[in-house]
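Enquirer: pasted the sequence and its predicted model underneath.
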Amino acid sequence: MAVALNALPSIGNVTTDLHSSPDLGFPIFPGTIGVRFGCNSDHQIHNNNKKKQFGGRGRLKMVKAVGRRVDETSSFSYVNGQADCDCTNTNGFPNGNGTLQKQMSTVEKSSNIVWHECSVNKHDREQLLQQKGCVIWITGLSGSGKSTLACALSHTLHSRGKFTYVLDGDNVRHGLNKNLSFEAEDRAENIRRVGEVAKLFADAGVICIASLISPYRKDRDACRALLPKGDFIEVFMDVPLQLCEARDPKGLYKLARAGKIKDFTGIDDPYEQPLNCEIVLQQKSDTCTSPCEMAETVVSYLEGHGYLQA
Ligand SMILES: Nc1ncnc2c1ncn2[C@@H]1O[C@H](COP(=O)(O)OS(=O)(=O)O)[C@@H](OP(=O)(O)O)[C@H]1O
Ligand SMILES: Nc1ncnc2c1ncn2[C@@H]1O[C@H](COP(=O)(O)OP(=O)(O)O)[C@@H](O)[C@H]1O
């Protein structure tokens, strides 16, 4: 029997929608130079080639030239021959080399499945942890300070005895999402998967901090819709492109401007800023709010909305 998850009372949103700059379709900001903040940042440079990387032991749906399905457990299709990877699917089918048919599907393919409820539920876990599980979704341009805030927030909450976990876009793309590119549909799948993982963390009672560019509103809204009302707290890093570009800690903007990276958010790929998020953290080149101060703003929100107690 299907059972509804999460019987928490809903908690209203407080919206501080301060930002007024237009969406970034393509470069539109005048060239003022921002400050560079000298704190530690231990990112690795992400390999941004657009080659499809479907290696590894993925659960692949293989479609032979005749169209016969040999495995129904996956999201990708290979057609007319062999896949361009050295892998064997989990059912033991051989690899191929050939045309990859881009087909990212979120259509439910499982049938005859029944939700199994456990006697220990979210509420029990929250009692144990003395907090409420939720998702803090940090969105913004590359270089806007998402990861820095995520870590500062995790650190602040941890030191207050709260259990957090950070899902950072860069990091998740090293593992779970290593087969995804930066094309719109792969970004959507990236966000969908992280949204689902974040939902599990929240159900575990954890304060889950997801920091991803997540440039499309519909993808973020889809993640919001996965959670009980109030439990998805969207934080917008409202930082002008020219400040992010002046920071450029990984040198990616420089490469994007030189045309060496395509589809780079804010340069030749869009960013749709939130219209109605819970928290906006605004930064300009002449104002510098420290990561700790920003973390405190989020902590105040959590406190005010009852998330730091069971
Ligand atoms: N084309 C392109 N556009 C934007 N970003 C790029 C790109 N290529 C690589 N990178 C690096 O990947 C990091 C963003 O990954 P995300 O998973 O957060 O992106 S997204 O949400 O799927 O849009 C991002 O990390 P942050 O700088 O921390 O945002 C970049 O370092
Ligand atoms: N509040 C801040 N004030 C000044 N500089 C910051 C702030 N937050 C982050 N930075 C700096 O900006 C750069 C990008 O930060 P990062 O957290 O990596 O951004 P993102 O994860 O959005 O790409 C880093 O060099 C970082 O030290």
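Expert: In hand now; what should we look at? Ligands and ions are numbered 1, 2, ... in the order given.
Enquirer: from now on I want contacts and neighbour counts done on CA atoms only, so please keep to that.
Expert: OK.
Enquirer: show me where pLDDT drops low in the protein?
Expert: Where the chain drops to pLDDT under 70, the residues are 1-106.
Enquirer: list the contacts for Ala295?
Expert: Ala295 makes contacts with 149-150, 152-153, 156, as judged by C-alpha atoms under 8 Å, 6 or more residues apart in numbering.
Enquirer: stretch 119-135: which residues count as buried?
Expert: Neighbour counts over stretch 119-135 (16 or more other C-alpha atoms under 10 Å) mark 122-123, 125-126, 129-135 as buried.
Enquirer: actually stretch 176-184, not the one I typed
Expert: Of the residues in stretch 176-184, those buried (16+ other C-alpha under 10 Å) are 177-182.
Enquirer: among the residues you listed, name the ones in strands.
Expert: Among the buried residues of stretch 176-184, no member is found in strands (DSSP state E).
Enquirer: among the residues you listed, which lie within helices?
Expert: Among the buried residues of stretch 176-184, DSSP state H puts none in helices.
Enquirer: using CSV, lay out the contacts of Ala295 together with neighbour count.
Expert: Output for those, formatted as CSV (neighbours: other C-alpha atoms under 10 Å):
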residue, neighbour count
Leu149, 23
Ala150, 26
Ala152, 19
Leu153, 25
Thr156, 17
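Enquirer: nearest to ligand 1 among the buried residues of stretch 176-184?
Expert: Nearest to ligand 1, judged by C-alpha to the nearest ligand atom, of these is Phe182 at 5.3 Å.
Enquirer: pull up the residues of the stretch 201-310 of the chain that are close to ligand 2.
Expert: For the stretch 201-310 of the chain, the residues in contact with ligand 2 (C-alpha under 6 Å from any ligand atom) are 247, 249, 288-291.
Enquirer: and if we set it to 8 Å?
Expert: 211-213, 237, 244, 247-249, 283, 288-292, 294 (C-alpha under 8 Å from any ligand atom).
Enquirer: and Gly289, how many residues sit next to it?
Expert: No, residue 289 isn't Gly; it's Thr. 11 (other C-alpha atoms under 10 Å).
Enquirer: spit out the contact partners of it.
Expert: Gln283.
Enquirer: what ranges does the protein have for its strands?
Expert: Counting by DSSP E, the chain has strands at residues 61-62, 77-79, 99-101, 134-139, 164-168, 207-211, 232-238, 279-282.
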